[in-house]
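below are the sequence and a predicted model for it; my questions follow.
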Amino acid sequence: MRDFLDDELCEFSLQEVEGERAVLRPLGEADVQPLFELIECSREFLSEHLPWPSEECRTPEDVSAKIDAWDLQAQMANGACWGIFEKGASASDGLKIAGCIMLGWVQWKNRSATVSYWLGQDFCGRGLATEALLLVAGEAFAMGLNRLELTASVNNPKSAAVARRAGFQEEGVCREYECLHGHFEDHVRFSLLARDFC
């Protein structure tokens with residue numbers, strides 16, 4: 001466990017994490033084109049609840065820059081990103097990139113961080129997001145964090161359901177939390193503490 005009283009920055013040592021349905025691993029240059037294609041195929045679907053698909057990641061170069069930024073955050077120990085890869089039906093089927101899950105706003109003094117996640121449209125409804133959230137929670141608490149929080153738009157009950165299935169507890173509604181496509185949306189805030197995690 002990291003000594004959270006030590007304010008010296010240290011790099012996250014991100015490992016590949018395997019679950020029953022999914023494998024999480026840090027993204028690299030080999031993932032740029034598949035990730036871009038996933039975003040492109042799901043752009044309209046993702047844009048319903050997220051601002052960035054319509055504003056960012058419009059080209060493979062944009063996706064590459066995002067991966068570089070996530071890597072820099074990991075080096076500074078204030079964020080991390082894993083690709084969510086769905087396992088094939090057999091070993092020969094390989095892994096297919098399904099989405100991403102991120103840790104952000106890591107505050108070592110308070111041992112807290114935020115979590116966000118997304119899946120391509122064709123990968124929803126298979127339990128991948130819930131499993132990915134549980135896997136990242138395990139990694140985060142092993143790093144020494146004590147609290148994870150996430151928010152979901154009140155208009156995105158499926159995302160809120162992922163948080164609940166992973167054991168996150170609802171804390172309340174943040175009024176007009178996000179300006180999305182020109183209008184404000186309320187968000188439900190959820191948290192998971194290390195002592196809640198089993």
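It's in.

hey, C-alpha coordinates of the least confident helix or strand in the chain by mean pLDDT in CSV?
The weakest-scoring helix or strand in the chain, judged by mean pLDDT, DSSP states H and E, is helix 52-55 (a mean of 82). Once non-C-alpha atoms are left out, helix 52-55 reads as follows in CSV (Å, rounded to 0.1, in the frame of the first residue of the first chain):
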residue,chain,number,x,y,z
TRP,A,52,-16.5,14.3,-25.6
PRO,A,53,-17.6,12.1,-28.5
SER,A,54,-19.0,15.0,-30.4
GLU,A,55,-16.2,17.4,-29.3
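
what helices and strands are in contact with it?
helix 32-47 (3 or more CB pairs under 8 Å, 6 or more residues apart in numbering; DSSP states H and E). Using the backbone N, CA and C atoms, a C-beta is placed for each residue, glycine as well.

the helix it packs on: how far from the chain's middle?
Centroid separation between helix 32-47 and its chain, computed with CA atoms, centre = their mean, to the nearest Å, is 15 Å.

what about the strands in this protein?
In the chain, the strands defined using DSSP state E lie at 17-18, 22-25, 80-87, 95-107, 112-119, 147-153, 169-180, 183-193.

mean neighbour count, those: which tops it?
strand 80-87 (a mean of 23; mean count of other CB atoms under 10 Å).

other residues contacting that one?
Strand 80-87 has contacts (CB atoms under 8 Å, 6 or more residues apart in numbering) with 12, 14, 17, 21-27, 31, 35, 67, 70, 73-74, 93, 95-103, 117, 119, 123, 126, 128-129, 132, 136.

average model confidence for stretch 152-165?
Averaged over stretch 152-165, pLDDT sits at 96.

which ones are touching residue 130?
By CB under 8 Å, 6+ apart, the contact list for residue 130 reads 162, 165, 166.

mind redoing it with 10 Å?
Residue 130 makes contacts with 19, 21, 22, 117, 161, 162, 163, 164, 165, 166, 167, as judged by CB atoms under 10 Å, 6 or more residues apart in numbering.

looking at the residues you listed, which are in helices?
161, 162, 163, 164, 165 (DSSP state H).

neighbour-wise, which of those leads?
residue 163 (26 neighbours; other CB atoms under 10 Å).

how close does that one get to residue 171?
11 Å (CB to CB, to the nearest Å).

shared neighbours of those two, anything?
With CB under 10 Å, 6+ apart, residue 163 and residue 171 have common neighbours 149, 151, 188, 189, 190, 191.

what confidence value was assigned to residue 58?
89.

burial check on it, number of neighbours?
14.

also the one 10 residues further on?
Residue neighbour count, defined by other CB under 10 Å, stands at 12 for residue 68.

next one: residue 29
Residues lying near residue 29 (other CB under 10 Å) number 9.

for the most centrally placed residue in the chain, which non-adjacent residue is spatially closest?
Centre of the chain computed as the mean C-alpha position; nearest residue by CA atoms, centre = their mean is residue 101, 2.0 Å away. What sits nearest to residue 101 in space, not counting adjacent residues and going by CB to CB, 6 or more residues apart in numbering, is residue 117, at 4.2 Å.
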